[in-house]
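Undergrad: dropping the sequence and predicted coords here.
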Amino acid sequence: MDIVPLFPPEFEWPENVITKIFLHLPLELIIRLILQFPEYRALFSAHQIHVDALKWRIYNYCYIRLKRGEETVMLHIEGDLRKRRRTPRIITMTSIEFEKYGFYRDTTQLDMCVDEDNVDSSKMELLKHLSEMLLPSLNVANFDLRFYPIDARVSFVHCFIFKMIRRFRILEFFQLRPKECETNADHNLRARRLILQYKFMQNEIEVDHLKVHFTEMPLFTEIPLRKGLDSRFMSRLYPLRTRNMTIWDTEFINLRSLLQMECENLTVSREEMRGSDIGALMKAWMNGGLRKLKTFYCYSREFQIDPEGFQGIPAKPTSTPPPPMFPHPEYWTRYALEIIRIEDGRSANVLWYEDEFWFYIIEGN
């Protein structure tokens, strides 16, 4: 879709035209105007177009997704992320696709050249350039970043997004995909370095919900991960300053190392779970640990029932109703139990049913 400006750049827009017309244009049209015309870019920068959420996805292909109400626009950059070329060259935005989602999917291309003459041709540089053009004109309520540092060959420290944005609603990163023929020791060392990079970055950024994937194992490797991140290493990583945390892993984290967790809502998904691990978490809470924890949810494909892990935990059937977020209220009255914190008498509800475990602090006590 070709857009031709109706007025010269020096034209001064009346204030009522800006507030009543421009701020209510379709989001796709606004993004096109920002990227194609510097005069509109300056106009919107002065008035800040509201956007509900902006999400980056950095992988072998990457995109910027913007959402405002029911409108969704995605600037899709195809192709592998490559290292910086030795000889920069001019890039065009013909590889950027606008995707609108509704009852149909319409994909069009934006044909234009960037202003600079020496923009690197890598996809990462193109993504950075697009972000620098868009962000000054937008008032974004929430920023999300989905990040693959190993496959994208980009570290946390060198990611341009952390230099531009300090507060994220969601930060999600996938890692620990072993390289072909990589030894277990090399793989674990690389994983530790990446996680410590994030701990270094958390002093400069604020994350409301941290999601960490320790899986995505390719078929060509059978590297054992059972001795990946032990309690000694995890004690160096915590505390992670995030209110919500979700972890997907395959026996890569010793669950008992989560006793040092300082988030409010914790979700863990594993291949295998032992009753002794759950019992250790419950005993830690009853004895005064995990003070900030409000909810804990764990899903496992294979739960190992270990009655000894629950010895010494006094519990009784709960008399409180299920919390609003509980997905199976029909199981609550039959299986939910109540435990008491010894230190201050606070109570919590726990429920273990088949392959799921829930832990809820009872509010108001």
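TA: Nice, I can see it. Residues are numbered from 1 along each chain as shown.
Undergrad: quick check: chain neighbours aside, which residue is closest to W358?
TA: L351 (4.7 Å; C-beta to C-beta, 6 or more residues apart in numbering). The C-beta positions use only the backbone N, C-alpha and C, and glycine is treated the same way.
Undergrad: show me what contacts that neighbour?
TA: 331-332, 335-337, 357-358 (C-beta atoms under 8 Å, 6 or more residues apart in numbering).
Undergrad: check the residues you listed and tell me the two furthest apart.
TA: Farthest apart among the contacts of L351 by C-beta to C-beta are W332 and F357. That separation is 13.8 Å.
Undergrad: looking at those two, which one has more neighbours?
TA: F357 (22 against 18; other C-beta atoms under 10 Å).
Undergrad: rewinding a little: and the buried ones among the contacts of L351, selectable in ChimeraX?
TA: This is the ChimeraX syntax for the buried subset of the contacts of L351, where burial follows 16 or more other C-beta atoms under 10 Å:
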select :331,332,335,336,337,357,358
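Undergrad: what's the closest of the contacts of L351 to K55?
TA: The closest of the contacts of L351, once distances to K55 are taken by C-beta to C-beta, is W358, at 28.7 Å.
Undergrad: pairing partners for that closest one in the sheet, please.
TA: Y297, L351 (DSSP bridges).
Undergrad: you'd agree it is up against F326?
TA: Yes. Using C-beta atoms under 8 Å, W358 makes contact with F326 at a distance of 6.8 Å.
Undergrad: ok, how many other residues are close to the closest residue to P329 other than its chain neighbours?
TA: Excluding its sequence neighbours, the residue lying closest to P329 (C-beta to C-beta, 6+ apart) is P322, at 4.7 Å. Neighbours of P322 under the rule other C-beta under 10 Å: 19.
Undergrad: Y297: neighbour count?
TA: Residues within reach of Y297, counting by other C-beta under 10 Å, total 18.
Undergrad: measure it to T333 for me?
TA: 19 Å (C-beta to C-beta, to the nearest Å).
Undergrad: before we move on, what about R166?
TA: Applying C-beta to C-beta to R166 and T333 gives a distance of 45 Å.
Undergrad: please apply the same query to K211.
TA: Taking C-beta to C-beta, one finds K211 at 32 Å from T333.
Undergrad: next one: S131
TA: 51 Å.
Undergrad: neighbour count for these two, which is higher?
TA: Taking other C-beta under 10 Å, S131 and T333 do not tie; S131 has more neighbours (17 against 12).
Undergrad: what sits against that one?
TA: Taking C-beta under 8 Å, 6+ apart, one finds 56, 64, 160-161, 164 in contact with S131.
Undergrad: least confident pick among those residues?
TA: pLDDT is lowest at F160 among these; the value there is 85.
Undergrad: setting the sequence-adjacent residues aside, check what's closest to it.
TA: K128 is the one closest to F160 (C-beta to C-beta, 6+ apart), at 4.7 Å.
Undergrad: export only the CA atoms of the helix or strand hosting that neighbour, formatted as PDB.
TA: Element membership for K128, per DSSP states H and E: helix 123-134. Below are the C-alpha coordinates for helix 123-134, written out as PDB (Å, rounded to 0.1, in the frame of the first residue of the first chain):
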ATOM      1  CA  LYS A 123      18.400  -8.800  10.900                       C
ATOM      2  CA  MET A 124      19.300  -7.700  14.400                       C
ATOM      3  CA  GLU A 125      20.400  -4.300  13.100                       C
ATOM      4  CA  LEU A 126      17.200  -4.000  11.100                       C
ATOM      5  CA  LEU A 127      15.200  -4.800  14.200                       C
ATOM      6  CA  LYS A 128      17.100  -2.200  16.200                       C
ATOM      7  CA  HIS A 129      16.600   0.400  13.500                       C
ATOM      8  CA  LEU A 130      12.800  -0.200  13.400                       C
ATOM      9  CA  SER A 131      12.600   0.100  17.200                       C
ATOM     10  CA  GLU A 132      14.500   3.300  17.300                       C
ATOM     11  CA  MET A 133      12.100   4.700  14.600                       C
ATOM     12  CA  LEU A 134       8.900   3.500  16.400                       C
END
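Undergrad: what's the average pLDDT for it?
TA: Mean predicted confidence for helix 123-134 is 82.
Undergrad: likewise stretch 302-316?
TA: Across stretch 302-316, the average pLDDT comes to 74.
Undergrad: swap in stretch 347-365?
TA: For stretch 347-365, the mean per-residue pLDDT is 83.
Undergrad: list the buried ones in it?
TA: Across stretch 347-365, burial judged by 16+ other C-beta under 10 Å covers 347-352, 356-361.
Undergrad: would you turn the residues you listed into a markdown table with distance to L281?
TA: Formatted as a markdown table, the buried residues of stretch 347-365 follow (distance: C-beta to C-beta, whole Å):
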| residue | distance to L281 |
| --- | --- |
| S347 | 16 |
| A348 | 11 |
| N349 | 14 |
| V350 | 10 |
| L351 | 14 |
| W352 | 12 |
| E356 | 15 |
| F357 | 9 |
| W358 | 12 |
| F359 | 8 |
| Y360 | 13 |
| I361 | 13 |
